[in-house]
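[1] coords please:
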Amino acid sequence: MHRNALKGENHNGMSEIEPVVRLLRDLVAIASVNPCFEDGMGEKEIAEFVVAYAQKAGLEVHRIPVEEGRENILVGLIGQGTETVLWETHMDTVTAQGMTISPFDPKLEGGKIFGRGACDAKASLAAMLQALVEVAKRGSPPRTVWLAAVVDEENGFRGVQKLMESGFRADYAVVGEPTELNIAIAHKGTVRGSIITRGISAHSSQPERGVNAILKMARVLLALERYDAELKMQVHPLVGSPTLTATVIQGGRGLNLVPDFCQVKVDRRTLPNEDPAVAWEDLKRFLQTQPELLEFEVEVGEPELLNWGMEIPADSVPVQRLSIACQQVGLQSQIIGVRYTSDASFLVRNGIPAMLFGPGSIEQAHTADEWVAVEQVIAAQKVFEVLAMMPNP
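    As a prediction, the model looks like this:
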């Protein structure tokens, strides 16, 4: 554990915990599962907590309504210079179903905090918010810093889209995601949708009288496997190859019926500069030209989600500044790319250079015993403080 994580013993013999660690535990204790999941209750309660915490510290707070009961929270510290920096991360989490630990009873054990969202991405939220609180104690910083705690990153990205639609702009942004305190300057994009095959229903004792939609889909799946193999021939130096994954399949109406319907949902991960809409059209064309699929119709629906990848230059000013801040805290942060998708692409496409940085590893995100190392959370807070107070060039 970081030597400052536990500051010593108080009069009760209990360790005094760093404020950022205490804050993270409070955030994890608030369930904020995205409403797209069965156990999702949304971000309303955690948003109110962030507002109260920021206002108590004297920070400027604005609410940006996204949809009923869901708001982005914008927390600001107005600086002396003309530069504006955005720290952005999300308040929602994935489902807590299937976890092997108590998801909202954050335990601090072995230098780790456990619970749903501890890693993705409440550790980043805690580090950013506590950094603003600490910087505010020193007066007005050299630049204006805004923290955007947004909704819906784990589903439709409506939070960051609403932030951009509100007209918010900044000179550059740091997006809080689990990068193990490395600086991610590129990530993949995503396009998702459905593929459908249809048949003719009949009694399963007379299958010859029907047409089996599931058997048709079996041929489609084999074709998709070939398509994915072709995609892997492309390689990006930071994020690797594009991929296609069949993620959900549904078909049939009963055990004694020849299935007249089958649907598979697919997830296509695109390279940073690859247009996800064009990628989807390419998939359609591929399926339309496979000889074994020409004898029946394969319905490829419109994309259900489209999100671009992103990439910014490693030698750009924002990346260099964050690198210097990491060095001043004693970190040896690497310039990397990540395979997942984030809010950063929406910022980049709206003219705000953005990079990903935060405590925790993607290997722990969304897991049954999700956790984050306290040492990394504290270090991240220090990096954000240095970044806020860094002299203007």
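[2] Pull the number of nearby residues for the spatially closest residue to residue 208 that is not a sequence neighbour.
    Beyond its immediate neighbours in the sequence, the residue positioned closest to residue 208 (Cβ to Cβ, 6 or more residues apart in numbering) is residue 202, lying 8.0 Å away. The C-beta positions use only the backbone N, C-alpha and C, and glycine is treated the same way. Residue 202 has 17 neighbouring residues, counting by other Cβ atoms under 10 Å.
[3] Check the one 10 residues further on too.
    Burial measure for residue 212: 21 neighbouring residues, criterion other Cβ under 10 Å.
[4] do the same with residue 301
    Close neighbours of residue 301, defined as other Cβ under 10 Å, add up to 13.
[5] separation between it and residue 221?
    16 Å (Cβ to Cβ, to the nearest Å).
[6] May I have stretch 189-199 exported as CSV, CA atoms only?
    Once side chains and other backbone atoms are set aside, the C-alpha atoms of stretch 189-199 remain, and they are given as CSV (Å, rounded to 0.1, in the frame of the first residue of the first chain):
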residue,chain,number,x,y,z
GLY,A,189,-14.6,2.2,-32.0
THR,A,190,-17.7,0.1,-31.9
VAL,A,191,-20.6,-0.8,-34.2
ARG,A,192,-23.3,-3.2,-33.0
GLY,A,193,-26.4,-4.6,-34.7
SER,A,194,-28.5,-7.7,-35.5
ILE,A,195,-28.5,-10.3,-38.2
ILE,A,196,-31.7,-12.3,-38.9
THR,A,197,-32.5,-15.5,-40.7
ARG,A,198,-36.1,-16.6,-41.3
GLY,A,199,-37.6,-20.0,-42.0
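[7] Relative to the whole chain's centre, how far out is it?
    Average the C-alpha atoms of stretch 189-199, do the same for its chain, and the two points are 22 Å apart (Cα atoms, centre = their mean, to the nearest Å).
[8] buried sites along it?
    189-199 (16 or more other Cβ atoms under 10 Å).
[9] JSON lines please, covering these and showing secondary structure, pLDDT and distance to residue 252.
    Compiled in JSON lines, these are given as follows (DSSP: H, G, I helix; E, B strand; the rest coil; pLDDT from 0 to 100; distance: Cβ to Cβ, whole Å):
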{"residue": "189", "secondary structure": "strand", "pLDDT": "97", "distance to residue 252": "33"}
{"residue": "190", "secondary structure": "strand", "pLDDT": "96", "distance to residue 252": "28"}
{"residue": "191", "secondary structure": "strand", "pLDDT": "97", "distance to residue 252": "27"}
{"residue": "192", "secondary structure": "strand", "pLDDT": "96", "distance to residue 252": "23"}
{"residue": "193", "secondary structure": "strand", "pLDDT": "98", "distance to residue 252": "21"}
{"residue": "194", "secondary structure": "strand", "pLDDT": "98", "distance to residue 252": "16"}
{"residue": "195", "secondary structure": "strand", "pLDDT": "98", "distance to residue 252": "16"}
{"residue": "196", "secondary structure": "strand", "pLDDT": "98", "distance to residue 252": "13"}
{"residue": "197", "secondary structure": "strand", "pLDDT": "98", "distance to residue 252": "12"}
{"residue": "198", "secondary structure": "strand", "pLDDT": "98", "distance to residue 252": "12"}
{"residue": "199", "secondary structure": "coil", "pLDDT": "98", "distance to residue 252": "10"}
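[10] Among those, which one lies nearest to residue 305?
    For those, the closest approach to residue 305 (Cβ to Cβ) belongs to residue 192, at 4.4 Å.
[11] From the buried residues of stretch 189-199, pick the one nearest residue 277.
    Of all the buried residues of stretch 189-199, the one sitting nearest residue 277 is residue 191; the distance, using Cβ to Cβ, is 7.1 Å.
[12] can you pull up the bridge partners for that closest one?
    Beta-bridge partners recorded for residue 191 (DSSP bridges): residue 268, residue 306.
[13] Residue 278: which of the buried residues of stretch 189-199 is nearest?
    For the buried residues of stretch 189-199, the closest approach to residue 278 (Cβ to Cβ) belongs to residue 191, at 9.3 Å.
[14] dump the residue contacts of the closest one.
    Taking Cβ atoms under 8 Å, 6 or more residues apart in numbering, we find residue 191 in contact with 268, 270, 276-277, 279-280, 303, 305-307.
[15] Tell me how far it lies from residue 202.
    The gap separating residue 191 from residue 202 is 36 Å, by Cβ to Cβ.
[16] ditto for residue 170
    61 Å.
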